[in-house]
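Colleague: build the 3D model from these lines:
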Amino acid sequence: MYEFGEVINAEVQFTDTFETKIRPAVVLFEELGNIVIIGITSNLEMKGIPLTKKEGAIKDSVIKLNYIFTISEKMVKKSLFNLSKEKKKILFDEITKRLRIN
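Modeller: I've put the predicted structure just below:
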């Protein structure tokens, strides 16, 4: 069972092709064998929430708030670490801010 804030390595599809690649991602939630995740990139020019080596990332990275998708639990390769309570709150607040209807 995967939980909110868990950082995993998973097989994910590129946005512009059908190719896949093993990439880090943060679990938002799991339900019925499907996992909703948010992508992580080491491209520090991208907008999002910073994630540092000190926090557990392999290299300084960014949680990409505009890269949310669903994968099968079979696409998860391994669990890496869990976000801190503080980072989970930042992620939760940023996602809910984007979901609000004006």
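
Colleague: where does residue 88 fall, secondary structure wise?
Modeller: helix 85-99 (DSSP states H and E).

Colleague: now do that helix, average pLDDT.
Modeller: If you average the pLDDT over helix 85-99, you get 94.

Colleague: ok, now stretch 47-63?
Modeller: For stretch 47-63, the per-residue pLDDT averages 96.

Colleague: what about it, distance to the chain center?
Modeller: 11 Å (Cα atoms, centre = their mean, to the nearest Å).

Colleague: that older thread, can you list the helices and strands that the helix holding residue 88 packs against?
Modeller: strand 49-51, strand 61-72 (3 or more Cβ pairs under 8 Å, 6 or more residues apart in numbering; DSSP states H and E). In this view, the C-beta of every residue, glycine as well, is placed from N, C-alpha and C.

Colleague: mind putting those in CSV, distance to residue 31 and mean neighbour count included?
Modeller: Rendered in CSV, the data for the helices and strands packed on helix 85-99 read as follows (distance: least, Cβ to Cβ, whole Å; neighbours: other Cβ atoms under 10 Å):
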stretch, distance to residue 31, mean neighbour count
strand 49-51, 23, 18
strand 61-72, 9, 17
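
Colleague: okay, these in CSV with distance to residue 27 next?
Modeller: Formatted as CSV, those follow (distance: least, Cβ to Cβ, whole Å):
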stretch, distance to residue 27
strand 49-51, 14
strand 61-72, 10
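
Colleague: tell me which of those lies nearest to residue 86.
Modeller: Counting by Cβ to Cβ, residue 86 lies closest to strand 49-51 out of the helices and strands packed on helix 85-99; the figure is 11.2 Å.

Colleague: partner strands of that closest one, with direction?
Modeller: Partners of strand 49-51 in the sheet, by DSSP bridges, are strand 61-72 (antiparallel).

Colleague: okay, the angle between the strand it pairs with and helix 85-99?
Modeller: Going by axes from the mean of the first three to the mean of the last three Cα atoms, to 10 degrees, strand 61-72 is angled at 70 degrees with respect to helix 85-99.
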